[in-house]
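Trainee: here is the input, now give the coordinates:
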Amino acid sequence: MFVVLIRTLVLYILLVAGIRLLGKRQLGELEPSELTLALIIADLASVPMQDNGIPLLTGVIPIAVLLAIASILSILSTKSIRFRTLLGGRPSVVVRQGKVVEQALRANRLTLDELLEELRILGHPYLEEIHTAVLETNGQLSVLPYAALQPATARQVGKDPEEPGLPLVVISDGRLLSQDLRGRGYGDQWLQQQLASHGLTSHKQVFLMTVDDLGHTYCVPKEGRQ
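Mentor: Numbering: from 1, shown residues only. Below is the predicted model:
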């Protein structure tokens, strides 16, 4: 059992390192070459994990070779547009000025029902409101509505709002993050005032609290707090 544990740990660490090389993507956002690599690596790792009679290097060496190939392909993709296109393909326009491009659907093996489903998920149920919809190389759909149907920006309505910055978590599941609170320039007295404004007496009653650069807070009390 100890041998199995060590072999599994070694392969797990190697796989984690390999997935990190693919970048911070979700499985559904992988390019075809990246998805293929992930599937092959998973299959190679499963064999030495299950059979102690197979030398560990039998799984480690092929995985290391594939990771090296992935790194080389990644470098070549950043250097050459043609190679990147050959490896990952090109984006396809599937809706143009409110009309479905049938040829693009057939080329990408995408049915009309699948297209309409994706558009509904993205909040665009009406084709006539879509100027352009692009099927990206990772399988995701990007939608650009007509300009007249897009939400107005502050600049378009003549406003110049202040930048609130990124909200910073100061309380997480009842735990006070003192360093982040001090980093925003606030102290315990300010925190007690914020808690009191939400009918709370202790940070332990808070599930989540954030504060942005302008001092705006967002507070979610714990369910069934005491």
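Trainee: I'd say residue 191 and residue 202 touch.
Mentor: No - taking contacts as C-beta atoms under 8 Å, residue 191 lies outside contact range of residue 202: 10.2 Å. For the C-beta atoms, the positions are set from N, CA and C on the backbone; glycine is no exception.
Trainee: could I get the buried residue list for the helix or strand residue 105 falls within?
Mentor: Following DSSP states H and E, one finds residue 105 within helix 102-107. Neighbour counts over helix 102-107 (16 or more other C-beta atoms under 10 Å) mark 104-105 as buried.
Trainee: could you point out which element follows it?
Mentor: helix 112-121.
Trainee: what's the separation between residue 158 and residue 152?
Mentor: 10 Å (C-beta to C-beta, to the nearest Å).
Trainee: revised request: answer the last question for residue 183.
Mentor: In terms of C-beta to C-beta, residue 183 sits 34 Å off from residue 152.
Trainee: those two - which one has more neighbours?
Mentor: For residue 183 versus residue 152, the count of surrounding residues by other C-beta atoms under 10 Å is larger for residue 183: 11 against 8.
Trainee: and the longest helix along the chain, what's its mean pLDDT?
Mentor: Ordering each helix of the chain by length in residues (DSSP state H) puts helix 56-79 first. Helix 56-79 shows a mean pLDDT of 79.
Trainee: in CSV, could you pull the C-alpha coordinates for it?
Mentor: Extracted in CSV, the C-alpha atoms of helix 56-79 (Å, rounded to 0.1, in the frame of the first residue of the first chain):
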residue,chain,number,x,y,z
LEU,A,56,6.7,3.9,-12.7
LEU,A,57,9.0,5.3,-15.4
THR,A,58,6.7,3.7,-18.0
GLY,A,59,4.1,6.3,-17.2
VAL,A,60,6.4,9.2,-16.2
ILE,A,61,8.6,9.3,-19.3
PRO,A,62,5.7,9.5,-21.9
ILE,A,63,3.9,12.1,-19.7
ALA,A,64,7.1,14.2,-19.6
VAL,A,65,7.6,13.9,-23.3
LEU,A,66,4.0,15.0,-24.0
LEU,A,67,4.5,18.0,-21.6
ALA,A,68,7.6,18.9,-23.5
ILE,A,69,5.8,18.7,-26.8
ALA,A,70,3.0,20.9,-25.4
SER,A,71,5.5,23.5,-24.3
ILE,A,72,7.1,23.5,-27.8
LEU,A,73,3.7,23.8,-29.5
SER,A,74,2.8,26.6,-27.2
ILE,A,75,6.0,28.5,-28.1
LEU,A,76,5.5,27.9,-31.8
SER,A,77,1.9,29.1,-31.5
THR,A,78,3.0,32.4,-30.0
LYS,A,79,5.6,32.9,-32.7
